[in-house]
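Engineer: Here's my sequence, what's the structure:
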Amino acid sequence: QVQLVESGGGSVQAGGSLRLSCVATGNIGDINSMAWYHQAPGTERALVAHVTSSGATTKYADSVRVRFVISRDNAKKMVYLQMDSLKPEDTGVYYCNAAIKAHSSPYYTGYWGQGTQVTVSS
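Structural biologist: Here you go, the predicted structure:
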């Protein structure tokens, strides 16, 4: 069974930093793209950052560009989100997402973590 487990959320003041981590566990054959999504209270989940399988290409939502950096460690099956210069509007639940092919499957399936709460106070 494949799972994504996030960690690293918490409460910080505006201008502070947090680093989110997400590890993929289970019967994993290959991991393709990985991403972080943000869901603010009362809103839909939205893409924050995305990284390709090799880590060579990244893309970001305009609202976090130059403040957040996504990276991955394929050997550890992990993806990270370094969040700097945090703003109150960054508050919400952050979800890890990955396209994963299990050993027993020829297809990639999208998986979600359980989410980690980030709260930024002004």
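
Engineer: C-alpha from now on. contacts and neighbour counts both.
Structural biologist: Noted.

Engineer: Helix, strand, or coil at G16?
Structural biologist: Three-state assignment for G16 (DSSP: H, G, I helix; E, B strand; the rest coil): coil.

Engineer: residue farthest from the centroid of the chain?
Structural biologist: The C-alpha centroid of the chain is most remote from S104, which lies 25.2 Å away (CA atoms, centre = their mean).

Engineer: distance of the residue positioned nearest the centre of the chain from T43?
Structural biologist: The chain has W36 as the residue nearest its centroid, 2.8 Å off, counting by CA atoms, centre = their mean. To T43, W36 is 16 Å away according to CA to CA, to the nearest Å.

Engineer: With A56 instead?
Structural biologist: From A56 across to T43, the span is 30 Å (CA to CA).

Engineer: before we move on, the earlier item: contacting residues for the residue farthest from the centre of the chain?
Structural biologist: By CA atoms under 8 Å, 6 or more residues apart in numbering, the contact list for S104 reads G29.

Engineer: Also V23?
Structural biologist: When contacts are counted by CA under 8 Å, 6+ apart, V23 touches L4, V5, E6, K76, K77, M78, V79.

Engineer: Now do the residue nearest to the centre of the chain against S122, distance only.
Structural biologist: Here the distance between W36 and S122 works out to 23 Å (CA to CA).

Engineer: repeat for P106
Structural biologist: 48 Å.

Engineer: top of the contacts of V23 by neighbour count?
Structural biologist: Neighbour counts for the contacts of V23, by other CA atoms under 10 Å, peak at V79, which reaches 26 neighbours.
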